[in-house]
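J.: One predicted model, sequence on top.
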Amino acid sequence: MPVINARDVSKSYGPKTVLDGISLSIDEGERIGLVGLNGCGKSTLARILAGLEEADGGTITRRRDSRIAYLSQTPGFIVDRTAREEVLAGLKAWRAAKDRFDELGVALSEEADGSRLKTLLASHAEAQGEVERLGGFDLDHRAETILGSSTAQRGGWTEELCSSHQGQWTSSTEFAATTSSAPSCTSSRWCGATA
């Protein structure tokens, strides 16, 4: 099943129709590009695919286990954080799930009489599923890999306040923050379903 499937999507702003009968399907691992003139509806389609804006017509279906992320053209990060802090802040839910998994693992190893073993095992399995649903056990390493890329290190932008970023570093921070959370699809002027 595709990550996203759109059929006959339409969108108008007042009398101006920007999308009329758009259909597309994006499978996991597939990368697509949207090319067109300014104002033709690329960003509108990306926001609709991400679920941030409603279409006037048509249907959008998203795979149940998918997570769609939207990379905005205008930065939405907190300016008094460093790029590293901004990227890692996106892992808050994952960190909570991973901490719970680890705590339950310790509780399991310390369970002496076995009276709570069945309950702890069930809770541990549930916590494991949540960590996997949120991106897997290497998500923090993926974020560090993005932050530690040669481009990031060469530019030195990871330790600067986001308020000092311009151009490429602003885009790089937004991209790193968006992709480090392991979405099924990242939507912007482009959309790529990632494994």
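T.: Looks like it came in fine. Numbering: from 1, shown residues only.

J.: In a strand, Ser12, correct?
T.: Yes: assessed by DSSP: H, G, I helix; E, B strand; the rest coil, Ser12 belongs to a strand.

J.: Quick one: mean pLDDT over stretch 4-22.
T.: Stretch 4-22 shows a mean pLDDT of 93.

J.: Can you give me the buried ones in that stretch?
T.: Neighbour-count burial for stretch 4-22 flags 4-6, 9-11, 18-19, 22 (criterion: 16 or more other C-beta atoms under 10 Å). For every residue, glycine as well, the C-beta is placed using N, CA and C.

J.: out of the residues you listed, what pair is the most spread apart?
T.: Taking C-beta to C-beta as the measure, those span a maximum distance of 20.3 Å, between Asn5 and Val18.

J.: Find the least confident helix or strand in the chain, judged by mean pLDDT.
T.: Least confident helix or strand, the chain: strand 190-193 with a mean of 40, by mean pLDDT, DSSP states H and E.

J.: Find the residue closest to Leu88 in space, skipping its chain neighbours.
T.: Leaving aside its sequence neighbours, Leu88 sits nearest to Ala143 (C-beta to C-beta, 6 or more residues apart in numbering; 6.0 Å).

J.: Is that neighbour in contact with Glu86, as I believe?
T.: No: under the criterion of C-beta atoms under 8 Å, Ala143 makes no contact with Glu86, lying 10.6 Å away.

J.: re the thing from before, next, the residue nearest to Leu88: secondary structure please.
T.: Three-state call for Ala143 (three-state DSSP): helix.

J.: pLDDT (mean, whole number) over whichever strand or helix holds Ser43?
T.: Element membership of Ser43, judged by DSSP states H and E, is helix 42-50. Averaging pLDDT along helix 42-50 yields 88.

J.: Which elements pack onto that helix?
T.: strand 4-13, strand 16-26, strand 68-70, strand 185-187, strand 190-193 (3 or more C-beta pairs under 8 Å, 6 or more residues apart in numbering; DSSP states H and E).

J.: Counting by contacts, list what the third one packs against.
T.: Packing contacts for strand 68-70, counted by 3+ C-beta pairs under 8 Å, 6+ apart, involve helix 42-50, helix 167-179, strand 185-187.

J.: The longest one too?
T.: Contact partners of strand 16-26 among helices and strands, from 3+ C-beta pairs under 8 Å, 6+ apart: strand 4-13, helix 42-50, strand 57-62, strand 190-193.

J.: Just the CA atoms of it, as CSV, please.
T.: Provided in CSV are the C-alpha atoms of strand 16-26 (Å, rounded to 0.1, in the frame of the first residue of the first chain):
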residue,chain,number,x,y,z
LYS,A,16,-8.4,31.2,-8.2
THR,A,17,-8.2,27.4,-8.6
VAL,A,18,-4.7,26.2,-7.8
LEU,A,19,-5.3,22.4,-7.9
ASP,A,20,-7.8,20.8,-10.2
GLY,A,21,-8.1,17.0,-10.3
ILE,A,22,-4.6,16.1,-9.0
SER,A,23,-4.0,12.4,-8.5
LEU,A,24,-0.8,10.8,-7.3
SER,A,25,0.5,7.9,-5.3
ILE,A,26,3.8,7.8,-3.3
